[in-house]
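Trainee: 3D model of this:
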Amino acid sequence: MFASIARTAHRHLDVDGVRVFYRESLPDRADAPVLLLLHGFPSGSHQFRRLIDALGSHYRLIAPDYPGFGHTRAPDGFTYSFDGLAGVVEGFVRGLGLDRFVLYVFDFGAPVGFRVAERHPERIAGLVVQNGNAYEEGLSDAARGFIALTPETPGAQEAIGDLLTLDGTRGQYETGVADPELIAPDGWTLDQHFLDLPGRKEAQRALAFDYRSNVERYGAWQAWLRRHTPPTLVTWGSRDPFFPEPGARAYLRDLPDAEVHLFDTGHFALETHLPEIAPLIADFLDRAWK
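Mentor: Modelled structure (predicted):
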């Protein structure tokens, strides 16, 4: 007998001139818990396809593409910054009428999601954090060096450009993974397709230079966590070359009741450990939603 596979709709929503593409599962019940999935770099909503298949029959999973990613289309002149991405996601949430949801943050999804959470804490029923950093100790030396780059830094443009190549994209998926054959090539090849579209590399360079704005807000996000104490599930690839294991454990400092699960894999933990992570998320959603 086959397990229940979710039906998924693929839609667009106009948000202040940005045509946001998103995937949405169609669960069996109208009052299903809602999980807003915020993707990372250099990916898009497609990274959640298998999770949506696994859980979408019982929960409403919604995964948008940010401006500069995936199938979303931004107008000429859009300012690519993390404040700008968060503003679009905030408008997206408002446009869908989402007044309560569990927030899933991965990689870039953490600085985007925490900005949204700061503005609307009443909407956050809980947090699922997967390699989404909000602590200084969660930055590797390589990450610190990258964040320190400015447009004036000698070699900065080349360093960022190397990360946007096919080898750079594939490396983000496979570094830290014990068995790279567990990583389907579809993810990194699709990511590269989107990165190679006109204007996308320029958007990614702008976001790379703006990443320091996220580190500057870590203290405010940690204070938000202490103040609002949302139910929190942390699932983390412990061999992440950018956001190492201490970044996962750091959440316990501000959220001592958080559940932390570490997996022997790299940055894209869902690619190798979906069978272990999906049940944790389902159980957490049931409890957090109540």
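
Trainee: every contact and neighbour count from this point should use C-alpha atoms.
Mentor: OK.

Trainee: from residue 62, how far out is residue 281?
Mentor: Distance from residue 281 to residue 62, counting by C-alpha to C-alpha, to the nearest Å: 14 Å.

Trainee: more neighbours, these two?
Mentor: Relative neighbour count places residue 62 above the other of residue 281 and residue 62, with 24 against 19, counting by other C-alpha atoms under 10 Å.

Trainee: check contacts around the more buried one.
Mentor: 22, 23, 24, 25, 34, 35, 36, 37 (C-alpha atoms under 8 Å, 6 or more residues apart in numbering).

Trainee: just the CA coordinates of the helix or strand residue 186 falls within, formatted as PDB?
Mentor: Using DSSP states H and E, residue 186 falls within helix 185-195. The C-alpha trace of helix 185-195 is given here as PDB (Å, rounded to 0.1, in the frame of the first residue of the first chain):
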ATOM      1  CA  PRO A 185      21.500  16.000  -8.800                       C
ATOM      2  CA  ASP A 186      18.100  17.600  -9.600                       C
ATOM      3  CA  GLY A 187      18.400  20.200  -6.700                       C
ATOM      4  CA  TRP A 188      21.700  21.700  -7.600                       C
ATOM      5  CA  THR A 189      21.200  21.600 -11.300                       C
ATOM      6  CA  LEU A 190      17.800  23.400 -11.000                       C
ATOM      7  CA  ASP A 191      19.400  25.900  -8.700                       C
ATOM      8  CA  GLN A 192      22.100  26.600 -11.200                       C
ATOM      9  CA  HIS A 193      19.400  27.000 -14.000                       C
ATOM     10  CA  PHE A 194      17.900  29.800 -11.900                       C
ATOM     11  CA  LEU A 195      21.200  31.400 -11.000                       C
END
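
Trainee: just the buried residues of it, please?
Mentor: Within helix 185-195, the residues that qualify as buried are 187, 188, 190, 191, 192, 194, 195, counting by 16 or more other C-alpha atoms under 10 Å.

Trainee: go on, stretch 18-34?
Mentor: Buried-residue list, stretch 18-34, by 16+ other C-alpha under 10 Å: 18-27, 32-34.

Trainee: got a markdown table for those residues, with distance to residue 151 and pLDDT too?
Mentor: Converted to a markdown table, the buried residues of stretch 18-34 look like this (distance: C-alpha to C-alpha, whole Å; pLDDT from 0 to 100):
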| residue | distance to residue 151 | pLDDT |
| --- | --- | --- |
| 18 | 27 | 98 |
| 19 | 29 | 98 |
| 20 | 29 | 98 |
| 21 | 30 | 98 |
| 22 | 32 | 98 |
| 23 | 35 | 98 |
| 24 | 38 | 98 |
| 25 | 41 | 98 |
| 26 | 44 | 97 |
| 27 | 46 | 97 |
| 32 | 46 | 97 |
| 33 | 43 | 98 |
| 34 | 40 | 98 |
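
Trainee: from the residues you listed, which two are the most distant?
Mentor: 18 and 32 (28.0 Å; C-alpha to C-alpha).

Trainee: which SSE is immediately downstream of the helix holding residue 186?
Mentor: Proceeding N to C from helix 185-195, the next assigned helix or strand is helix 200-210, under DSSP H and E.

Trainee: chain center to that next one: distance?
Mentor: Relative to the centre of its chain, helix 200-210 is centred 17 Å away, using C-alpha atoms, centre = their mean, to the nearest Å.

Trainee: what angle sits between the helix holding residue 186 and helix 200-210?
Mentor: Inter-element angle recorded for helix 185-195 and helix 200-210: 90 degrees (by axes from the mean of the first three to the mean of the last three C-alpha atoms, to 10 degrees).

Trainee: might you report the residue contacts of residue 209?
Mentor: Contacts of residue 209 (C-alpha under 8 Å, 6+ apart): 147, 149, 150, 151.

Trainee: please repeat the previous calculation with a cut-off of 10 Å.
Mentor: 81, 146, 147, 148, 149, 150, 151, 156, 157, 160 (C-alpha atoms under 10 Å, 6 or more residues apart in numbering).

Trainee: ok, so of these, who is nearest residue 212?
Mentor: Of all the contacts of residue 209, residue 212 sits closest to residue 147, with 5.7 Å by C-alpha to C-alpha.

Trainee: was I right to think the closest one contacts residue 215?
Mentor: Yes. The criterion here is C-alpha atoms under 10 Å, and residue 147 meets it with residue 215 at 8.7 Å.
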